[in-house]
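Participant: let me see the structure of the following:
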Amino acid sequence: LDATKDCPRLRNLYTGDHRTLDGKEYYIIPNYSYIDSIRDFTEAEIEARNRKYDAEFLGGQLPVSGFKCEVPTPDGAHLRIGTRSLHRTMMAKRSSLEPIQENGVVQPNVSAATEAGTTEETVSEVTPPTGTLLPQKRASITSSEDKICKKRAESALKRANSKTQNYKIELEALQLKLKNAEAELAARPTELETLSSAVGGWNRVSFQSQKAHDTFPNKCSQLFGFKRFWDVRRIIYAGFKLKYVEPTTVKTNRDKFTKYEQCLIALMYLESGMNQVKIADMLGRHSSSTISAIVQFWIPKWGRLGRDLSRLPFVDAHLIDEMETLKFKNLGMEKIAYLIDGKDFKTDTSRVDRVVNCAQQSSKVHHSAIRIITWGLPSGLTFEHTDGFLARASEKKIVKVYAENNPRLVMPVGYSGLGDKGFQGTGTYYVNCNIVLFPAFLWSGIQFDAKQIGYSLQCAQARYSIECMYSLVTNRGCFSSTILPRHMFCYFDDMNDWAHGRAN
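Facilitator: Below you'll find the predicted structure:
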């Protein structure tokens, strides 16, 4: 009980030992229940209640319920025995028990409490008063505690080092197992590779696999017209912004073609020379209708990419001078702005329309054909070409149509061109009247002499670059057939654009 605040009557009732803690005086209450909420009553109320029920408390009767706490009242013998026992215990504590204060925490001396006749539980329940030890005794205790702590720390460090070493050994063993597992997994063929090796040939997975093309490098040239599949990936990304993903799963007939696969199919149709039925068989399709739809959608896109690579708007006098060949300089033919030539592609003859049938006839190949005209630099770079015309249209008329209204054919002033006799007189069709030279014509006399023949031969060899360019155009798979079938007429301009772009 707090001697300054709690009820004086209750305090006088328990004449036990008292002590001082934290600057306050307290009285010890042995063997009684905890008295709760005494401070809820004022001093006057408690004094009035004490006077009213004084006789009942002192007489040993039961506590009255008027108080908020219930305090059992022992008889005189028990009260005296309890008081003397508590008094002896507290006196023994004061005389023999000195608290050990370390790091601000007060700890009881259990051995001294045991010698004084008090159990460990009693010592832990009673809070000892604040005190100090003698310097010699405190130093000895501190020294022994330091030794114990040091031994414990050394033992803990040893155990930790041992565990760390064991963990390192286990970690190295696990890393070695992981490395071996990765090596075994890399060496083990995948399901896709096993299936490809078992089935053999080219299918929907292998034709777009970088690993398959690395294993068989010649196949890329046969299917896509490029020496390396890496070049195919680069031009697809540059032209269509499609990223390549290595196939990892087996494709079935029900799986739809991705955009990348569709793009490759259209390129394979342009470069390999296979028709739609053969492509469908290779890719595991029972019908070629799907391949036909893909070709109709993607061939114009490849044609637009070919136009961007073959119809060049930046040809000027500076570029022509920079790309002038040494052979033309030695022949005295400087300032050659362009080489011009035409090409006829044999086609099926239309049997439906008589007018178209007559317009297809070519005097150059003596067959139904489609005619184109190409302009290129002496170095072999082409910068303009026409769309396909029915071969009945003459080369001069086609040049007139294109040269008069095409800004890409505005040649620099003072430059000339080189062509064959079929383009005689076409120089006036250009805006700056760039004449066409014909070095093979007879200069004088009735026949060629040795000098004229040698000069004409050198000029023909110099002009041969335009013929080499046409060979690159006709080497495309879509033009590999001797006669262009009728169902490919609708794709001719796009195929022509892609072939010229591929030649560049």
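
Participant: pretty sure Arg285 belongs to a helix, no?
Facilitator: No - looking at Arg285 with DSSP: H, G, I helix; E, B strand; the rest coil, it is coil, so not inside a helix.

Participant: tell me the pLDDT of it.
Facilitator: Looking at Arg285, its pLDDT is 87.

Participant: look up how far Thr374 lies from it.
Facilitator: Distance from Arg285 to Thr374, counting by Cβ to Cβ, to the nearest Å: 37 Å. From N, CA and C alone the C-beta is placed, and that goes for glycine too.

Participant: more neighbours: which of the two?
Facilitator: Remark: of Arg285 and Thr374, Thr374 carries more neighbours, 23 against 17, as counted by other Cβ atoms under 10 Å.

Participant: who are the contact partners of the closest residue to the more buried one other than its chain neighbours?
Facilitator: Distance criterion Cβ to Cβ, 6 or more residues apart in numbering; nearest residue to Thr374, sequence neighbours excluded, is His385 at 4.4 Å. His385 sits next to Ser310, Arg311, Ile372, Ile373, Thr374, Trp375, Asn496, Asp497, His500 when contact means Cβ atoms under 8 Å, 6 or more residues apart in numbering.

Participant: where does the protein dip in pLDDT?
Facilitator: The model of the chain has pLDDT under 70 over residues 1-43, 45-47, 49-85, 87-142, 187-200, 439-445.

Participant: mind naming the longest helix for it?
Facilitator: Ranked by residue count under DSSP state H, the longest helix found in the chain is helix 135-187.

Participant: now for that helix, which elements pack on it?
Facilitator: Of the remaining helices and strands, none touches helix 135-187 by 3 or more Cβ pairs under 8 Å, 6 or more residues apart in numbering; DSSP states H and E.

Participant: for the contacts of His385, which one is nearest Asp344?
Facilitator: Relative to Asp344, the closest of the contacts of His385 is Ile372; by Cβ to Cβ it sits at 8.2 Å.

Participant: shouldn't that closest one be in contact with Asp387?
Facilitator: Yes - between Ile372 and Asp387 there is a contact under Cβ atoms under 8 Å: 7.3 Å.

Participant: if you look at the contacts of His385, which of them are in strands?
Facilitator: With DSSP state E as the criterion, strands contain Ile372, Ile373, Thr374, Trp375 from among the contacts of His385.

Participant: save these as TSV, and put in distance to Ala173 too.
Facilitator: Formatted as TSV, these follow (distance: Cβ to Cβ, whole Å):
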residue	distance to Ala173
Ile372	72
Ile373	75
Thr374	70
Trp375	73
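
Participant: among those, who's most crowded?
Facilitator: Among the ones in strands among the contacts of His385, Trp375 has the most neighbours (other Cβ under 10 Å), with 26 neighbours.

Participant: tell me where the stretch 201-350 of the chain has helices.
Facilitator: Along the stretch 201-350 of the chain, counting by DSSP state H, counting those that start in this stretch, helices occupy 210-215, 218-224, 229-240, 259-271, 276-282, 289-310, 317-322, 326-330.

Participant: tabulate the ones you listed (a markdown table), appending mean neighbour count and distance to Ser363.
Facilitator: Output for the helices of the stretch 201-350 of the chain, formatted as a markdown table (neighbours: other Cβ atoms under 10 Å; distance: least, Cβ to Cβ, whole Å):
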| stretch | mean neighbour count | distance to Ser363 |
| --- | --- | --- |
| helix 210-215 | 16 | 45 |
| helix 218-224 | 17 | 36 |
| helix 229-240 | 16 | 38 |
| helix 259-271 | 22 | 29 |
| helix 276-282 | 18 | 33 |
| helix 289-310 | 18 | 27 |
| helix 317-322 | 13 | 33 |
| helix 326-330 | 13 | 31 |
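
Participant: in a markdown table, list those along with distance to Glu172.
Facilitator: Below are those laid out as a markdown table (distance: least, Cβ to Cβ, whole Å):
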| stretch | distance to Glu172 |
| --- | --- |
| helix 210-215 | 34 |
| helix 218-224 | 45 |
| helix 229-240 | 40 |
| helix 259-271 | 44 |
| helix 276-282 | 51 |
| helix 289-310 | 55 |
| helix 317-322 | 64 |
| helix 326-330 | 68 |
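
Participant: among those, which comes closest to Glu467?
Facilitator: So among those, helix 326-330 is nearest, using Cβ to Cβ, at 14.5 Å.

Participant: what's in contact with the closest one?
Facilitator: Outside helix 326-330, the residues that touch it by Cβ under 8 Å, 6+ apart are Glu334, Ile336, Pro378, Gln458, Gln461, Ala462.

Participant: what's the neighbour count on the fifth one?
Facilitator: What that stands for is Gln461. Gln461 has 11 nearby residues by other Cβ under 10 Å.

Participant: chain neighbours aside, what residue packs nearest to Thr252?
Facilitator: Gly284 (7.8 Å).

Participant: wait, that neighbour touches Val250, no?
Facilitator: No - checked against Cβ under 8 Å, the pair Gly284 and Val250 is beyond contact range at 10.2 Å.

Participant: contacting residues for Ser289?
Facilitator: Residues near Ser289 by Cβ under 8 Å, 6+ apart: none.

Participant: how far away is it from Ala48?
Facilitator: Note on Ser289: its distance to Ala48, by Cβ to Cβ, is 110 Å.

Participant: ditto for His318
Facilitator: On the measure of Cβ to Cβ, His318 and Ala48 end up 121 Å apart.

Participant: Arg354 now?
Facilitator: To Ala48, Arg354 is 138 Å away according to Cβ to Cβ.

Participant: so between these two, which is more surrounded?
Facilitator: Applying other Cβ under 10 Å to Arg354 and Ala48 shows that Ala48 carries more neighbours, namely 12 against 9.

Participant: the more buried one sits in which helix or strand?
Facilitator: According to DSSP states H and E, Ala48 maps onto helix 43-52.

Participant: cool, Ser481 as well?
Facilitator: Following DSSP H and E, one finds Ser481 outside all helices and strands.

Participant: what's near enough to touch the nearest residue to it once chain neighbours are set aside?
Facilitator: Nearest residue to Ser481, sequence neighbours excluded (Cβ to Cβ, 6+ apart): Gly273, at 7.1 Å. By Cβ under 8 Å, 6+ apart, Gly273 lies in contact with Gly477, Cys478, Ser480, Ser481.

Participant: burial count for the last one?
Facilitator: The reference is to Ser481. Neighbours around Ser481, by other Cβ under 10 Å: 14.

Participant: determine how far the last residue of stretch 265-281 lies from the first.
Facilitator: Terminal residues of stretch 265-281 lie 12 Å apart, using Cα to Cα, to the nearest Å.

Participant: for the closest residue to Tyr430 other than its chain neighbours, grab the count of nearby residues.
Facilitator: Distances taken as Cβ to Cβ, 6+ apart place Ala403 nearest to Tyr430, at 5.0 Å, with adjacent residues excluded. By other Cβ under 10 Å, the residues close to Ala403 number 23.

Participant: cool, Leu242 as well?
Facilitator: Number of residues near Leu242 (other Cβ under 10 Å) recorded here: 15.

Participant: rewinding a little: any residues in contact with both of Ile372 and Asp387?
Facilitator: Common neighbours of Ile372 and Asp387, using Cβ under 8 Å, 6+ apart, are Asn496.

Participant: show me the strands in the stretch 301-450 of the chain, by range?
Facilitator: Remark: strands assigned in the stretch 301-450 of the chain by DSSP state E, counting those that start in this stretch are 336-346, 361-362, 367-376, 382-385, 389-390, 416-418, 436-437.
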